[in-house]
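J.: Build the 3D model from these lines:
(2 chains)
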Amino acid sequence: MTNSAKRLLRNPWLELAARVMLGATFIYASYHKIIAPAEFAKLIYGYDLFPPETINLIAIIVPFVELITGIALIIGFYPQSAALILNAMLVFFILIISINRIRGHEFDCGCFSMQTDRLDDSPGYMLGRNLLLLTMGIYSMWYGLGRARLFVLTKQ
Amino acid sequence: MLAVFIAFIVNKISPVGIPLVGQWDLEKGIVHASPDSADFNERLEIDNIEVAKLIYDDANTLFVDARSEMDYEAGHVKGAISLPMNDVDANIEDFINRYPPEQAIVTYCSGRTCEDSHHVAQLLLDLGYEQVNIMIDGFQTWQEKGFPVD
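T.: Predicted coordinates:
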């Protein structure tokens, strides 16, 4: 990696921009799930991966984890911990999409809207989107270590 | 932990909150996060497709397709009319003008993972229709059984 690329990656403004974009994406993604948990639960059922007893619990908890960690990432409240949680969720989403793609199971991820009667995004598009977000999350977590960061409320 | 705590509190007090466990067993009926919701009147359900066929053969009952117009156009129960839940406001007045309250009706959508037939059935009951039932196995099972389709 060239020195200019390293300087760019270590720019705290770039790191802040990644945090804000990732955090805002998760806050936005949580909204429709929080206002319609029953519909979100049905989409989780459509993944055909989770035991029936866990579906409602996932539909109740996941949107608030997205919301709280998204806010924490943006305002700089334990931002690396927030990025770690969001990255873990993104890896989990990527696994879900990949498993269903491999077995040819069509489903709507419900990531940004509820479309129970039609499929909105192709698995390839969903995977690409999640990999892009994961890249931002890893960058935000990794390049924030031991360097100047903007708008961080807590010491890491 | 904070997020989990907030999630349970909000779910408890929210008007759209759901129980901790839903009904996700297709054998037991329509799958839904809130099986006890007023939107799901189990007393209206016909959970045996053969019984639905007997009602169909009687020829006095109107079959109402609650799926989207596109799905209806792709195939529907022979003689059924379309009253798509996703565009019900645009069609309900015409429906009321065409069919009297004593008309026997069976609603259906795509199957046990679909709720639209319940919503349309409840709407028709609220509008004064007296004999409304729901074929919960939906069009897919009807077609698989080789029953009449258009």
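J.: Thought residue A:60 was touching residue B:8, still the case?
T.: Yes: using CB atoms under 8 Å, residue B:8 is in contact with residue A:60, at 6.7 Å. For glycine as for every other residue, the C-beta is placed from the backbone atoms N, C-alpha and C.
J.: More neighbours: which of the two?
T.: The neighbour count for residue B:8 versus residue A:60, taken as other CB atoms under 10 Å in any protein chain shown, is higher for residue A:60 (26 against 15).
J.: I'd like the distance between the more buried one and chain B.
T.: Using CB to the nearest CB, to the nearest Å, residue A:60 is found at 5 Å from chain B.
J.: which element is the closest residue to residue B:41 other than its chain neighbours on?
T.: Nearest non-adjacent residue to residue B:41, counting by CB to CB, 6 or more residues apart in numbering or on different chains: residue B:122, 6.5 Å away. Following DSSP states H and E, one finds residue B:122 within helix B:116-126.
J.: Now do that helix: which elements does it pack against?
T.: Contact here means 3 or more CB pairs under 8 Å, 6 or more residues apart in numbering or on different chains; DSSP states H and E; on that basis helix B:116-126 packs against helix B:88-98, strand B:105-108, strand B:132-135.
J.: packing partners for the longest one?
T.: Judged by 3+ CB pairs under 8 Å, 6+ apart, helix B:88-98 is in contact with helix B:116-126.
J.: just the helices in chain A please.
T.: With helices called from DSSP state H, chain A shows them at A:3-9, A:12-35, A:37-47, A:52-75, A:79-102, A:123-142.
J.: possible to save the ones you listed as TSV with mean pLDDT and distance to residue B:71?
T.: What follows is the helices of chain A, written out as TSV (pLDDT from 0 to 100; distance: least, CB to CB, whole Å):
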stretch	mean pLDDT	distance to residue B:71
helix A:3-9	77	50
helix A:12-35	91	23
helix A:37-47	91	17
helix A:52-75	94	25
helix A:79-102	91	23
helix A:123-142	87	23
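J.: so which of the ones you listed gets nearest residue B:73?
T.: When the helices of chain A are compared for distance to residue B:73 using CB to CB, the nearest one is helix A:37-47, at 23.9 Å.
J.: if we can go back for a sec, save the helices and strands packed on helix B:116-126 as JSON lines, and put in mean neighbour count too.
T.: Below are the helices and strands packed on helix B:116-126 laid out as JSON lines (neighbours: other CB atoms under 10 Å in any protein chain shown):
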{"stretch": "helix B:88-98", "mean neighbour count": "12"}
{"stretch": "strand B:105-108", "mean neighbour count": "26"}
{"stretch": "strand B:132-135", "mean neighbour count": "25"}
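J.: show me what contacts residue A:52?
T.: A:45, B:21-22, B:24-25 (CB atoms under 8 Å, 6 or more residues apart in numbering or on different chains).
J.: now do residue A:124
T.: residue A:101.
J.: any idea how far it lies from residue A:101?
T.: Computed as CB to CB, to the nearest Å, the residue A:124 to residue A:101 distance reads 8 Å.
J.: And residue A:68, by the same measure?
T.: 30 Å.
J.: So for the two, which residue has more residues nearby?
T.: Taking neighbours as other CB under 10 Å, residue A:68 and residue A:101 compare with residue A:68 leading, 23 against 16.
J.: I'd say that one and residue B:4 touch.
T.: No: using CB under 8 Å as the test, residue A:68 is too far from residue B:4 to be in contact (9.2 Å).
J.: What's the local residue count around residue A:106?
T.: The number of residues near residue A:106, taken as other CB under 10 Å, comes to 10.
J.: again, but for residue A:130
T.: Residue A:130: 23 neighbours (other CB under 10 Å).
J.: For it, which residues are in contact?
T.: A:90, A:93-94, A:97.
J.: hmm, try it at 6 Å
T.: By CB atoms under 6 Å, 6 or more residues apart in numbering or on different chains, the contact list for residue A:130 reads A:90, A:93-94.
J.: which neighbours do residue A:124 and residue A:101 share?
T.: Counting by CB under 6 Å, 6+ apart, nothing touches both residue A:124 and residue A:101.
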